[in-house]
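# Compute the structure for the input listed below.
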Amino acid sequence: MRLSTKGRYAVMAMVDLANCSAEKGRPVSLADIAERQEISLSYLEQLFGKLRRKGLVKSVRGPGGGYLLARSYEDLRVSDIITAVDEPLSATRCENGSAEGCQSDKSRCITHDLWQELTNQINLYLNSISLADVCERRILGTSGLHLHEREAEDVSIAAAQ
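This is a model prediction of the structure:
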């Protein structure tokens, strides 16, 4: 399974939108998001069309227009964003929700249950993370611990000099 740019860019853009609309209290243009996040404007337009149709964002027309979150960022889940842009979240080769397997005789492969459980865990995790969690940097795994360790080392080195 691989999360493509579609899902990653949609989450990045939604985090940017949440941060900027909270800061400024007004709609945010896709051109501004595209510039800050270094994402193609035309690609963002496609993604935001899907996000709008799924009810995650709302558009404001006219001068000063742009996009706003359709709901509180506490209520928006990362899984909502990824699935809104048609990103498949499945580690199996089987068609999602089908009783048929991926083998030529329609049976399930020997590792099906392993990949299906991985898919379930990914979905549970992404469903447990709100947009607010990402915006407020409440997601701290081992990558964040290593970052903080390096920052602490840099401070120690600077203080010693």
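# hey, let's count contacts and neighbours off CA atoms from now on
Fine.
# Any stretches of this protein with poor pLDDT?
Applying pLDDT under 70 to the chain picks out residues 1-2, 22-24, 94-102, 141-152, 154-156, 158-161.
# Tell me which stretches of it form strands.
Applying DSSP state E to the chain gives strands spanning 57-60, 66-69.
# what's the most buried one of the ones you listed?
Of all those, strand 66-69 has the most neighbours on average by mean count of other CA atoms under 10 Å, namely a mean of 21.
# roughly how far out does that one sit from the chain middle?
Distance of strand 66-69 from the chain centroid (CA atoms, centre = their mean, to the nearest Å) equals 17 Å.
# got the contact list for that strand?
For strand 66-69, contacts defined as CA atoms under 8 Å, 6 or more residues apart in numbering pick out 17-18, 21, 26-30, 56-60.
# What is the nearest of the residues you listed to Glu136?
Of all the contacts of strand 66-69, Glu136 sits closest to Ala18, with 10.4 Å by CA to CA.
# The closest one against Glu74, yeah?
No. Taking contacts as CA atoms under 8 Å, Ala18 lies outside contact range of Glu74: 10.2 Å.
# Quickly note the distance from Ile110 to Lys50.
36 Å (CA to CA, to the nearest Å).
# Equivalent analysis for Ala10, please.
10 Å.
# re earlier: need the overlap of contacts for Ala18 and Glu74.
Residues within reach of Ala18 and of Glu74 at once, by CA under 8 Å, 6+ apart, are Leu131.
# For the two, indicate the residue with more neighbours.
Neighbours of Ala18 and Glu74, each counted by other CA atoms under 10 Å, are more numerous for Ala18; the result is 21 against 12.
# residue contacts, that one?
Shown in contact with Ala18 (CA under 8 Å, 6+ apart): Leu68, Leu69, Tyr73, Leu131, Cys135.
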